[in-house]
Each structure stands twice: as structure tokens, then as C-alpha cells.
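Colleague: give me coordinates for this.
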Amino acid sequence: MTRTQPSRRRRAATTVAAALVVPGAVVPAAVTVAPTAAAEVSADAPVVIDEVYGGGGNSGGAYAQDFVELYNPTDEPVSLAGWSVQYASATGTWANGAQTDLAGQIPAGGSYLIGQAAGADDTQPPLPTPDVQGAIAMSGSGAKVALVRSTDRITCAGADCAAVPDVVDLVGWGDRATSYAGSGPAPATTNATSVARVDHAHTADNAADFVTGAPTPTASGTEPGPDPDPEPAEPATIAEIQGTGHTSPLEGATVTTTGVVTAAYPTGGFDGLYLQTAGTGGDPDDDATPGASDGVFVYSRAAAAALAVGDHVEVTGTVGEHYGLTEVTASAWTVLDEPAAVEPLATPWPATDAEREALEGMLLAPQGDFTVTDNYATNRYGTVGLAAGDAPLVQPTSVGRPGSAEAATQAADNAARAVQLDDGASVDYLSSSHQDEPLPWLTAGDPLRVGAAVTFTGPVVLDYRYDAWGLQPRQQLTPDVADRAQPATFADTREPAPQDVGGTLTVGTFNVLNYFATTGDQLDGCTYYTDRHGDPVSVRGGCLARGAADAENLERQETKIVAAISALGADVVALEEIENSAAFGKDRDQALSDLVDALDAHDGAGTWAYVGSPADVPADEDVIRNAFVYRIADAEPVGESRILLGSEAFGNAREPLAQTFQPAGGVDSDPGDDVVVITNHLKSKGSAGPWPGDEDSGDGQGASNESRVRQATALADFADDVAADAGTDAVLLVGDFNAYEQEDPIAVLTDSGYTDLGPATGEHTYVFGGMVGSLDHVLASPAAAARVTGADVWNVNAVEPVANEYSRYEYNATILYDTSPFRSSDHDPLLVGLDLEPSVAAWDRGTRYWWGDEVRYEGTVYRATRPNHGKEPGARRNGPWSVVTPR
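Modeller: Numbering: from 1, shown residues only. Predicted structure coming up:
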């Protein structure tokens, strides 16, 4: 029996067919075919599709799950062995649909019930026991179903489907259905209605044969309809079913086995239970079946509902492989009187696939360290990515140069240590049917952060789903059982502020996640990401804005950003991804000014200022830009800001912005206490730029690597020019470089003499794909590096769940947004301390000075015009000192 396993990226909702996605396969995009009359499906078909219902478990549904019912109009039983029911959405292709393979027979003049996916509301009435159980999540309003005399997926479209030789019957319902039999599709349905034939009428015309009404599911009355020549069940231990390879040596066989129920999932979509041989587990040295697992998944929602964890049972069913998971599709089960038990196997994480296969389906008590490495999908699918060991997984090109042995070693280490901690369900908590269900694992006030240590408080089952090994709780983690059923806890690693980095001037860099003062509702054409009530939260597209949808959401975003910038404690903060207000007909600095106003409202009037735009800016700029803000009491800009002009390299990125700073009260005429800071935001990895070499080569650097290399090269030249004009060789290149530590753009800059200060902190600024790495950097010239007093990455954003962002407010019933700085952006800020002292010595009353000597006195540099001793600079108009002209 085949059932689909929806993708973790896009699981099927109750109104969309579950997609059959094979890793590495090319799945055609959905196409729309104009409905065309077709009458080739025969009115003399031996079996017909008699009723279709897709609203199961939906709001207002009549039953807890969807179904397709077949009818045999003949006076002889018909074998369904080798047949299938195939499904596609109303306008979609069959390749993007799903199917349920059939077995057994349909009696003469009788029905055959095919149960399909259950919806969210499992309090609705159950179906009569289906003859066969599938997992297709069918539409509650309209789609298409084909009864096929084969298990090969049909590839037809439109009217042609009714003429395919293997298509025994075809039903399209709803106005949008593109394939159907006869003059038109059957009527559309609701969650409470099905389409069914009137008295089994079959004229090969869906429009004439079907009407809507209350569903009336009818099964054949057999358990399930037996094959004419059924295969006898053979006794087999679970270890014999599992075998010692990746697939079962008994695949396709009907077996009877016994074991103890270790986990049961009657709700949530798994529709089954785990069974383990009695007496196994405990000490791994006592393993009686080395290389073969003693646990197996039993696929039967009915069995999972009828049995309880701890039951000792005998199960009969067919052995199969479901996307790499060995399972038994149960046809019968019996609770045994003989008491039995299993113990969790105490074991560290198995590092190889072979070692994991030997434990597939078994109850484990994980030993050793585990660390959270991924929480991006936790608010959607209830999964937490873990890494065995005391550190998260790392981007290979953060460790070694692209293509190097070091990068390959890191990739292999990632593969060996990665495992998913799941919630015992396949629920999409962001789908409309589940958004009102509270999330597992994530609760307000209990952070679940990448890098946090994991403590297992209960046993888990080793499971394989969605192309990944996972650890499942023993039941679905619903709110009513989470406190006792959740098998793990996570350390709180939050820090209220970065480490003290010392210095007379501190410089930070912060990507502020598309901070736009211009909200979507101020523009025409914007589309939105919406919350569970359909209210706009953030701009999705259709206009130039990229941030909040309206003032209310902007306030949420701004509150977190202000809290984070304030707590960062930097004297100077380089900003990336802030609105370029000129794109909206405003002063270029308007959004920057608004942010400073908000900072002042938080920290006190007159605390903050921004560096104004230079007089000359590029003619064609992005809608986001780079910028600087600074604390007035602690830092001073020296001279005007400067932006790189006329560089072909930056045609697809934000031009670098440079500004010289000194500590507040510094000496303008003395470059000794100056540092040039240049903020950057290079081309992203997501799309290919215009240059040869911009296509993703697969070496780990992503798309547009050549663009970033050219931009880094242009940046190095720009920095030399700015530093020469400023009269200092102390330069910091900061910002979002969209390149990990060992990638080519960073190598361009380190080869130019700059030192990347981030790696020495032992922390990273970004998390992607369950791996940490730094896209954000502070690169110091030799003179600046010599003055560094400390550096820190403040892990305030990237390691936090995305669910905490303003942009995910009310996506689910669990609201994790708060006004703290945590998850104010998706990038972590860096902070660097510099010891900047003027190069000119302070005037000393006891020192004798000669012609040309220079001294610093009360913020001004003086030069001696004649020898003197004890003469205070500036005290007399005709004294022995002249003011050195400020730069």
C-alpha cells in the first residue's frame, strides 16, 4: 500500500492534494487546462467511483476524514489488486497529486470504502472501517479523482484523461475541475457535503450522474475485502522484518509479529504506532539482534486509536517501505494476555546511517550532549533541529575554503551529527486549519535558541521521515499533554547585552531587517503576509516597501530594533537594510531620522544622532541603504560621509558608505584618534547576478559569488582612497557581506591585509539551513587591528525562533512576540572596542618646547613658534603657540 508523505516545506492542507515528492525528482509545475467534454469513460465500467468527500475533519465537516467510495454494478466480485485511486487538485496535474493503491476485492453489487486524510477536528464522527486506508488530503470544494487499473501515475490532462485505457472511471467536481467524464464536472461540495451518484447511476457524464448531499460512506463489510487468492501471513520477528539493510528483506510479504506498543499516534497525521519486541532495549551490550532493529512502525490509525502504550500485541499486516521507513500496514491486531515490557536503549547518537538503521523504530534514551541547531520550522511543523555534541552544525565555508578538505570534513560532520526532534505529528501549524492550535515546544518566556544544550527528560523513538532521522515523543505533543509528554528541555542561553569590549570608542554593525518608515498601506499595489485572521503584517510584494504593513506593525518592529540598538551599547552603529526614503519622494534620511527619534524616546532626548547623507549619492539606488547612528556624548563624526560612486561592481548591491569617527571631545586636527568606518551590504546569495561566475556553482558560496568578489575588490580600493583623504590608516570594514568566513569575498579583503575580527569571538551572526555561520563581519586594517581592545557577537537575533519576530505576530494561537530586543532582526550584531588616542602628546607645564613641537591642549592642537617653557597654549594672542588648522 502506498501513501504520500507531504513535504516539510509545503504540507498539504485539507483543501489541497498531498503532493508526492520524490527527492531529486523534477516535479512539473501545475498547469491549467480548459475543461473539455469527454465521454470515453465507459458506462459499462465494472467498477465506478460512487461518492467522493473531501471535507473530513474540516470546520463544519460531516466526518473526521475524507473518503472515496467505489461501487461494483456487476454480479461478480472484482479484484482490485494492482489498481489505484489517483487524485489531483482542480487545476493541477496528476504528477503533483497523490494516489492510494488498492488491494482485495469489491463484492458483487457492493461498495468499497477508501479512507483518506483526516482533518484537524477528530471529534467528528469516524468513518465505517475503510477497506483500505490512504492519506490523501482532498479538497472540500472541488478536484478530480481517477480510478486506474494500474499503480502507475497517469500523465494525461483535460479531456484526454477520460480516454486513457487504464482509466476505469473519472470524476471531476467543482467548476474549476479540468478533467471529468461527460459534459461537465459534478457540482462543487462543501465541508458538509459530498458528490454521489443517484442510485449508482453511471452514464459516463459527471454533470448528469452526481448530486451533492450528506455523505453516506459505505464499506464492503470485509476487513478488508480479501484478495481472491490471499497470501497467508507468515510469522516473523520485528528484527526479521527490519533486516540488516536499508530496506526490509520481507517487503511485500504478509506477516504476523508481536511486540510492545512504545508510542501511538492516532491523531496528528502519523496514523500509526511503534511496536518493539518484548524484552529488548536497555543495555546496548545485551543486543540479541546486532545490525537489525527490534522496533517497527505499524501503519493503522484504527490500531493507534484502539491500542495504548505498553500493550503487548500481535499484529498482522503487509511489510512495506514508506520513504525510507520500514513499516507494517496492519490488517488485524490482538492484545495478548502475556505481560511484556521494553526498556529504552541507552545509547549515544549513532553517527552512521547503518548504525541508525539498526535502531530504526526503537525506543531510545539518548546519551551524551545534544545542542539545538535549527528552530526555523518549529513554529510551522513542530520540529527542532538538533546536533549531537556540544555545538550546533556549522556552514562548511565558515570553516574551510570552498572545495577544500576542511569544508568537506565539516559537511561530513554535519551529516553525522544532525537529527530532528519532532512533535509526533505532521501538522502544519501555519495552515488555516491548524493556526488556532497552540504550538509544541515554543512557549512565551521559555526561549528555544540555536546553541542551547538539550536535556532529555524521557525516552524517544528513532524515526525516519521527510528524508531525515528524527526523535519522536511517544504521543503527539498537544497542549493538554505537553507538560508530561514533552521528552526534552532546553537551556536558556540569552544574554541581556554583549560582552564588554573596552576601548575609548565602540563600533557596532546591525542589519535592521528592512526597517521601513513607509508602510505598505501608504502605497498602492502592496500585497501582504497575513496573520491567522487574515490581517496584514508585513509587505510581501507588489510595491517598493519591504517592511511593516501598517503603523501598528511598524511599532512592533521599531520597538524591538530600538531595544536592541540601545542594549548593544555601541558608540557608533553601522546600519544595513534601512529604508532609502528618497525612493518614496522623501528626504533620503527620513527613515533614519525617524529611527533616531525613536532611540531618543527610549534613551532620552539628545542621546542619538545620525550621519547625514553625503552631498553626492548614486543616481540609481536600491530602496534599502546603509547608514550610521551614534551616541552624541561618546562619538563624533569627523568631516562628511562619503559613498562609493560610479562603481559598476555595485550595480546589484548597496554602495558602501564611509564616515570617519573619533571619540567625543577628540582632536579634529589630529588623526591619531580617528577611525574610518565603512558600512556594507553586498549582493545576496539568493539570485544570480549579471557576471560570468554568478550562477551557483554548488561549492557552498551560493549565487552571485562573482558579484560579491567584484564588490569586495572595489571596496578595498574605496577604503584606501577614503583613508588617504582622512589621513589615517585605521579602517574598519563592517556590515552584511553575504559571505561566510572562508568564502572568496572575505578572502579578497583578508588578502588585502584586513583581519576578520568575528572568528576570534567563537560566535556566529547567522543561521541558515540549520547551520551557523557569519555573513556579517568587522574587518580591521592592520592599524585598526592593533588598537582593538575586544570584540563580541551578541547572539540576540539569529539564534532565536523566527516566530518571535514582529513579522510573525499572530501567525499562530501561540503569540511569541514581545518588546524585548530578542529576534529584532535575522542577523546578529557585532561590537568592537578600539583604543583611539591622539598622536599628539598633551601639553605639559614642566616640559621645554622647541620650534615646531606640537601639543594637544583642551581639544586643540598647537605648534610652537619659538622655544618656551610653562607657557600655556592659547593663553596670549602673541604667545609662543599657533593653532594647527583643523582638517
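
Colleague: show me the contacts for the residue nearest the centre of the chain.
Modeller: Note on the chain: the residue nearest the mean C-alpha position is Y376, at 4.0 Å, using CA atoms, centre = their mean. Shown in contact with Y376 (CB atoms under 8 Å, 6 or more residues apart in numbering): V767, G770, P801, V802. The C-beta positions use only the backbone N, C-alpha and C, and glycine is treated the same way.

Colleague: how many other residues sit next to the second one?
Modeller: Put plainly, it is G770. 22 (other CB atoms under 10 Å).

Colleague: quick one: residues contacting it.
Modeller: T373, D374, Y376, G385, P392, L393, A418.

Colleague: which one of these is nearest to L462?
Modeller: Closest approach between the contacts of G770 and L462, by CB to CB: A418, at 13.5 Å.

Colleague: for that closest one, what are phi and psi?
Modeller: phi -80, psi 140 (degrees, to the nearest 10).

Colleague: with N680 instead?
Modeller: Torsion angles at N680 (phi, psi; degrees, to the nearest 10) stand at phi -140, psi 150.

Colleague: distance check, it against C161.
Modeller: Separation of N680 from C161 (CB to CB, to the nearest Å): 55 Å.

Colleague: what's the answer for K871, then?
Modeller: For K871 relative to C161 (CB to CB), the value is 102 Å.

Colleague: show me which of these two is the more surrounded one.
Modeller: Per other CB under 10 Å, whichever of K871 and C161 has more neighbours is C161, with 27 against 16.

Colleague: the residue found closest to that one once you drop the neighbours it is linked to in the chain: neighbouring residues, count only.
Modeller: Using CB to CB, 6 or more residues apart in numbering and skipping the chain neighbours, the partner closest in space to C161 is S179 (4.3 Å). Around S179 sit 30 other residues, with neighbours defined as other CB under 10 Å.

Colleague: give me the nearest residue to D589, chain neighbours excluded.
Modeller: By the measure of CB to CB, 6+ apart, the closest residue to D589 outside its immediate chain neighbours is S613, 5.5 Å from it.

Colleague: which helix runs longest in this structure?
Modeller: Criterion DSSP state H: the longest helix present in the chain is helix 705-726.

Colleague: please save the CA atoms from it in CSV.
Modeller: Coordinates of each C-alpha in helix 705-726 appear next as CSV, following Å, rounded to 0.1, in the frame of the first residue of the first chain:
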residue,chain,number,x,y,z
ASN,A,705,29.7,35.0,-5.8
GLU,A,706,31.4,36.8,-8.7
SER,A,707,29.4,39.9,-8.0
ARG,A,708,30.4,39.8,-4.3
VAL,A,709,34.1,39.3,-5.3
ARG,A,710,34.0,42.3,-7.6
GLN,A,711,32.3,44.3,-4.8
ALA,A,712,34.9,43.3,-2.3
THR,A,713,37.6,44.3,-4.7
ALA,A,714,36.0,47.7,-5.3
LEU,A,715,35.5,48.2,-1.6
ALA,A,716,39.2,47.6,-0.8
ASP,A,717,40.2,50.3,-3.3
PHE,A,718,37.5,52.7,-2.0
ALA,A,719,38.8,52.2,1.6
ASP,A,720,42.3,53.1,0.5
ASP,A,721,41.0,56.3,-1.0
VAL,A,722,38.9,57.3,1.9
ALA,A,723,41.7,56.5,4.4
ALA,A,724,44.2,58.5,2.5
ASP,A,725,41.9,61.5,2.4
ALA,A,726,41.2,61.2,6.1
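
Colleague: so what does it touch, helix or strand wise?
Modeller: With contacts defined as 3 or more CB pairs under 8 Å, 6 or more residues apart in numbering; DSSP states H and E, helix 705-726 has these neighbours: strand 635-643, strand 654-663, strand 675-681, strand 731-736, helix 744-751.

Colleague: and the fourth one, what other elements does it pack with?
Modeller: Meaning strand 731-736. Here strand 731-736 is seen to pack against strand 505-515, strand 572-579, strand 675-681, helix 705-726, strand 776-780, helix 782-785 when contacts are counted using 3+ CB pairs under 8 Å, 6+ apart.

Colleague: convert the C-alpha atoms of that strand to CSV, please.
Modeller: The C-alpha trace of strand 731-736 is given here as CSV (Å, rounded to 0.1, in the frame of the first residue of the first chain):
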residue,chain,number,x,y,z
VAL,A,731,39.9,51.4,8.9
LEU,A,732,37.0,49.1,9.8
LEU,A,733,35.0,47.4,7.0
VAL,A,734,31.7,46.4,8.6
GLY,A,735,28.3,45.1,7.7
ASP,A,736,26.5,42.3,5.9
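
Colleague: start the count at 6, not 1, going forward
Modeller: Noted, 6 is the first residue going forward, which turns the last one into strand 736-741.

Colleague: what angle sits between that strand and strand 577-584?
Modeller: Strand 736-741 runs at 40 degrees relative to strand 577-584, counting by axes from the mean of the first three to the mean of the last three CA atoms, to 10 degrees.

Colleague: quick revisit: was I right to think the residue nearest to C166 contacts G177?
Modeller: Yes. Assessed by CB atoms under 8 Å, S184 is found in contact with G177 at 5.2 Å.

Colleague: now do the shared contacts for these two.
Modeller: Jointly contacting S184 and G177 under the rule CB under 8 Å, 6+ apart are K149.

Colleague: related to what we said a few turns ago, name the nearest of the contacts of Y381 relative to W855.
Modeller: V772 (60.3 Å).

Colleague: what is the end-to-end distance of stretch 531-551?
Modeller: 9 Å (CA to CA, to the nearest Å).
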